[in-house]
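Peer 1: kindly return the folded structure for what I paste below:
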Amino acid sequence: MQQRTIGPRTVSTIGLGGMPMSIEGRPDTDRSVATVHAALDAGVTLIDTADAYHLHADEVGHNEELIAAALRSYGGDTSGVLVATKGGHLRPGDGSWTQDGRPEHLKEAAKASARRLGVDAIGLYQFHRPDPRVPYADSVGAIRDLLDEGWIELAGISNASVAQIDEANEVLGGRLVSVQNQFSPAFRSSLGELEHCAALGIAFLPWSPLGGISRAGEVGSRHAAFQRVADEHGVSPQRVTLAWELALAPVVVPIPGASRPASIQDSVHAADLVLTADEVALLSQS
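Peer 2: Numbering: from 1, shown residues only. I've put the predicted structure just below:
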């Protein structure tokens with residue numbers, strides 16, 4: 001598989017989003033582990049998780065523990081895999097999401113994530129979502145402290161605006177390496193952030209790059225141009241979607257969620273699908 005960079009790290013062009021393996025409708029553990037192993041077999045070296053990827057209130061970090069177990073049980077070399085996790089977003093267990101961007105919470109959350117992942121330092125730690133009750137610079141300041149103290153190797157943010165990208169990079173002393181925002185054919189309002197990251201050389205990691213767990217299978221029916229290009233290439237519209245995102249900028253690394261080996265196996269082939277300039281323009285305008 002082709003490769004891209006997140007800070008000093010080289011990663012696969014397509015990553016694996018772990019959330020579907022831990023929330024509503026999640027598969028059993030064996031299938032989840034098989035999905036991670038299939039991703040690794042296909043050359044994926046970026047796995048995205050978060051302490052909030054869980055279903056019940058008493059299982060915080062479910063996905064982190066699942067990813068760690070899958071990596072331990074894999075028969076091959078995993079030393080080049082970058083595991084990215086996040087903190088600052090919470091699931092009380094009733095299906096809702098809340099925020100806690102207090103510096104003290106983020107520092108404790110990161111240390112707990114490191115323990116669940118079984119590492120001394122988290123490869124990439126990202127502030128999951130801004131907390132309106134806490135000054136943004138204070139939250140990112142906690143990420144800076146974790147970086148300075150060696151608890152994390154790389155620092156990123158998620159669900160951020162252009163202004164917050166610049167603020168975070170300033171607080172981090174120019175060490176911001178990634179921005180993880182929602183972006184897909186159905187959700188393009190983060191295009192400005194994508195372009196800003198491209199200008200700064202910061203990795204942009206689209207979450208829900210196929211439109212979300214419940215709609216990923218509907219890309220072709222909801223977006224006719226993607227189905228048309230897919231038919232012309234003889235591939236799935238999902239593969240075309242990821243190839244289009246990759247073509248938008250060399251800093252883009254989509255992280256499609258998967259809960260079945262076949263899903264991630266199809267996704268990784270997007271790195272080999274070359275779209276023409278006319279096709280990229282068509283998809284961008286559709």
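
Peer 1: this protein: helices as residue ranges?
Peer 2: For the chain, applying DSSP state H gives helices covering 29-41, 62-73, 103-117, 136-148, 162-171, 191-200, 219-222, 224-233, 237-248, 261-268, 277-285.

Peer 1: out of those, deepest packed?
Peer 2: When those are scored by mean count of other CB atoms under 10 Å, the highest mean neighbour count falls to helix 237-248 (a mean of 24). To be clear about C-beta, it is placed using only N, CA and C from the backbone, and glycine gets the same treatment.

Peer 1: dump the C-alpha coordinates for that one into CSV.
Peer 2: What follows is helix 237-248, C-alpha atoms only, in CSV (Å, rounded to 0.1, in the frame of the first residue of the first chain):
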residue,chain,number,x,y,z
PRO,A,237,-18.6,3.5,-4.9
GLN,A,238,-17.0,3.3,-1.4
ARG,A,239,-13.6,2.7,-3.0
VAL,A,240,-14.1,5.6,-5.3
THR,A,241,-15.1,7.8,-2.3
LEU,A,242,-11.9,7.1,-0.5
ALA,A,243,-9.8,7.6,-3.7
TRP,A,244,-11.5,10.9,-4.2
GLU,A,245,-10.6,12.0,-0.7
LEU,A,246,-7.0,10.9,-1.2
ALA,A,247,-6.9,13.0,-4.4
LEU,A,248,-7.9,16.2,-2.7
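
Peer 1: what residues does stretch 198-208 touch?
Peer 2: 4-7, 15, 17, 48, 84, 156, 158, 165, 169, 176-184, 187, 190, 193-194, 197, 245, 248-255, 257 (CB atoms under 8 Å, 6 or more residues apart in numbering).

Peer 1: repeat that for stretch 234-241.
Peer 2: Residues contacting stretch 234-241 (CB under 8 Å, 6+ apart): 184-185, 209-210, 216-217, 219-220, 223, 226-227, 229-230, 233, 256, 266-267, 269-270, 273, 275, 283.

Peer 1: then stretch 62-76?
Peer 2: So stretch 62-76 is in contact with 18-19, 21-22, 29, 32-33, 36-37, 40-41, 47, 49-51, 53-55, 78, 81, 83, 85, 113, 116-118, going by CB under 8 Å, 6+ apart.

Peer 1: for it, give the mean pLDDT please.
Peer 2: Taken as a whole, stretch 62-76 has an average pLDDT of 97.

Peer 1: roughly how far is that stretch from the heart of the chain?
Peer 2: Here stretch 62-76 is found 17 Å from its chain centre; the criterion is CA atoms, centre = their mean, to the nearest Å.

Peer 1: now do stretch 202-216
Peer 2: Centroid separation for stretch 202-216 versus its chain: 8 Å, with CA atoms, centre = their mean.

Peer 1: can I get the CA coordinates of that stretch in CSV?
Peer 2: Extracted in CSV, the C-alpha atoms of stretch 202-216 (Å, rounded to 0.1, in the frame of the first residue of the first chain):
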residue,chain,number,x,y,z
ILE,A,202,-0.6,18.8,8.8
ALA,A,203,-2.3,15.4,8.3
PHE,A,204,-6.0,15.5,7.8
LEU,A,205,-7.8,12.4,9.0
PRO,A,206,-11.5,12.3,7.7
TRP,A,207,-13.7,10.4,10.1
SER,A,208,-16.9,8.8,8.7
PRO,A,209,-15.3,9.2,5.3
LEU,A,210,-18.0,7.1,3.7
GLY,A,211,-20.9,9.0,5.4
GLY,A,212,-21.2,7.2,8.7
ILE,A,213,-21.8,3.6,9.9
SER,A,214,-25.4,3.5,8.9
ARG,A,215,-25.0,5.2,5.5
ALA,A,216,-21.7,3.8,4.2
